[in-house]
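Asks: Take this sequence and fold it.
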Amino acid sequence: MEALVITDIGSTEIREVDSPVCDPDGVILSVGHVGLCGSDLNTYSGLNPLVSLPRIPGHEIGGTIIERGADVPEAFALGKSAIVIPYTTCGACSSCQADRPNACRYNRTLGVQQDGGMSALLKIRHDRLILNDTLPAPQLSLVEPLSVGFHAVARGRVAKGETVVVLGGGMIGVGAMLGALAHDAKVIMVEVSESKRQTLLDLGAHAVINPETMDLADQVSKHTDGQGPDVVIEAVGLPQTFRSAVDLASYAGRVVYVGYAKEEVSYNTSLFNLKELDIMGSRNATRTDFEEVITFLESNPSAGNMLISRTFPWSQAQNSFQHWKENRNETFKVIIDVTAG
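Replies: Next up, the predicted model:
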């Protein structure tokens, strides 16, 4: 079968690789659509320390079951559409024992620590699938990235009537925004790309603040009656946004870090105590987060369409990484249609 492989920094090629053999507890998916993630782009750019090359990328995957093992329940019937949960769980580490398997110490995400789904076929355990025959096929690949933002909202305990500031208008930040809106919160987006502004507003943002052209603290204060937001979700991963999250949060507020900084971050730690902040990390997503995203997309079909910035047919898949790298400010999600061309 064919697979798209990141062979070296800045280089990809379509290769012939061995087709997978079905396990008793697994299925074979005919891959339909795969979304490109920031981690994939970092791998392509040589900035992902978790990846060794060559690597088949892709963990935002939707497809169709074409083969199943003898031990797989009948519900996973041939022809069923499915969304892939791309993380592994060991079941024994402290995270798994605490019923937080999304933070499994030994997780091996598809496309990162192991080959991913940017290929014609994918072998996967049946318990790593969510069946869905209602979403349009391209939107199946949106569920995983949006679920990461939904999980950050769950970590932040966002409630009805609260104000949430989301730092970063990429797909993770958009997921956090949509997740907060699903909880009837007011969301203020902080995003430097002016080309994303109108889409963020159309999706439901109360306001969009560009910190390069506006005074961020002043604007947030105006939109929160001087109190600051109840929750700040950081989805950028820069030292300055890590600090801004603490600076902006209200007294007795909550800060959730879903981005991660690639360098050390220095803080005025007195604000941790003076504001008595709850500061939390957020990693990956749970099955519940996936299901909440599915419910949201099913109820808001136009939202998914607004987030797909460009779809590449398989015949042009090698061009997708460079396109995204050169058009990142204008791009929410790039998708590969593995079935096309």
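Asks: hey, let's count contacts and neighbours off CA atoms from now on
Replies: OK.
Asks: how does the chain divide into domains?
Replies: 2-133+300-337, 147-281 (automatic domain parsing).
Asks: now these in JSON lines, with distance to residue 139, mean neighbour count and mean pLDDT?
Replies: JSON lines is the format used below for the domains of the chain (distance: least, CA to CA, whole Å; neighbours: other CA atoms under 10 Å; pLDDT from 0 to 100):
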{"stretch": "domain 2-133+300-337", "distance to residue 139": "6", "mean neighbour count": "19", "mean pLDDT": "96"}
{"stretch": "domain 147-281", "distance to residue 139": "13", "mean neighbour count": "20", "mean pLDDT": "97"}
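Asks: could you redo these as TSV and give each row distance to residue 292?
Replies: Shown next, in TSV, are the domains of the chain (distance: least, CA to CA, whole Å):
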stretch	distance to residue 292
domain 2-133+300-337	12
domain 147-281	8
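Asks: Out of the ones you listed, which gets nearest to residue 287?
Replies: Minimum separation from residue 287 across the domains of the chain (CA to CA) falls at domain 2-133+300-337, 7.7 Å.
Asks: At which residues are the helices of this protein located?
Replies: 38-44, 94-97, 137-140, 143-155, 171-182, 197-203, 216-223, 239-248, 270-274, 287-299, 301-307, 320-326 (DSSP state H).
Asks: Dump these into TSV; add distance to residue 254 as well.
Replies: Output for the helices of the chain, formatted as TSV (distance: least, CA to CA, whole Å):
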stretch	distance to residue 254
helix 38-44	25
helix 94-97	22
helix 137-140	31
helix 143-155	9
helix 171-182	14
helix 197-203	23
helix 216-223	15
helix 239-248	9
helix 270-274	10
helix 287-299	20
helix 301-307	27
helix 320-326	33
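Asks: Relative to residue 337, which of the ones you listed is closest?
Replies: Judging the helices of the chain by CA to CA, what sits closest to residue 337 is helix 137-140, at 7.7 Å.
Asks: Show me the residue at the heart of the protein, geometrically.
Replies: residue 145 (2.3 Å; CA atoms, centre = their mean).
Asks: follow-up on the earlier one: just so I know, which of the domains of the chain lies nearest residue 140?
Replies: Closest to residue 140 of the domains of the chain is domain 2-133+300-337 (CA to CA; 4.9 Å).
Asks: now do the same end-to-end measure for the closest one.
Replies: One end of domain 2-133+300-337 to the other measures 13 Å (CA to CA, to the nearest Å).
Asks: who wins for proximity to residue 53 among the helices of the chain?
Replies: For residue 53, the closest of the helices of the chain is helix 38-44, at 8.5 Å, according to CA to CA.
Asks: for the closest one, packing partners?
Replies: Packed against helix 38-44 by the contact rule (3 or more CA pairs under 8 Å, 6 or more residues apart in numbering; DSSP states H and E) you find strand 2-8, helix 320-326.
Asks: contact partners of the last one?
Replies: In this structure, residues lying in contact with helix 320-326 by CA atoms under 8 Å, 6 or more residues apart in numbering are 10, 36, 41, 44, 312, 331, 334, 336.
Asks: what separates the residue nearest to the centre of the chain from residue 247, distance-wise?
Replies: Noted for residue 145: a distance of 27 Å to residue 247, by CA to CA.
Asks: again, but for residue 63
Replies: Distance from residue 63 to residue 247, counting by CA to CA: 43 Å.
Asks: and the nearest residue to residue 196 once chain neighbours are set aside, what does it touch?
Replies: The shortest distance from residue 196 to any non-neighbouring residue, by CA to CA, 6 or more residues apart in numbering, is to residue 330 (6.4 Å). Residues counted as contacts of residue 330 (CA under 8 Å, 6+ apart) are 193, 195, 196.
Asks: For the second one, which non-adjacent residue is spatially closest?
Replies: Taking CA to CA, 6+ apart as the measure, residue 195 lies nearest to residue 330, with 5.8 Å between them; neighbours along the chain are not counted.
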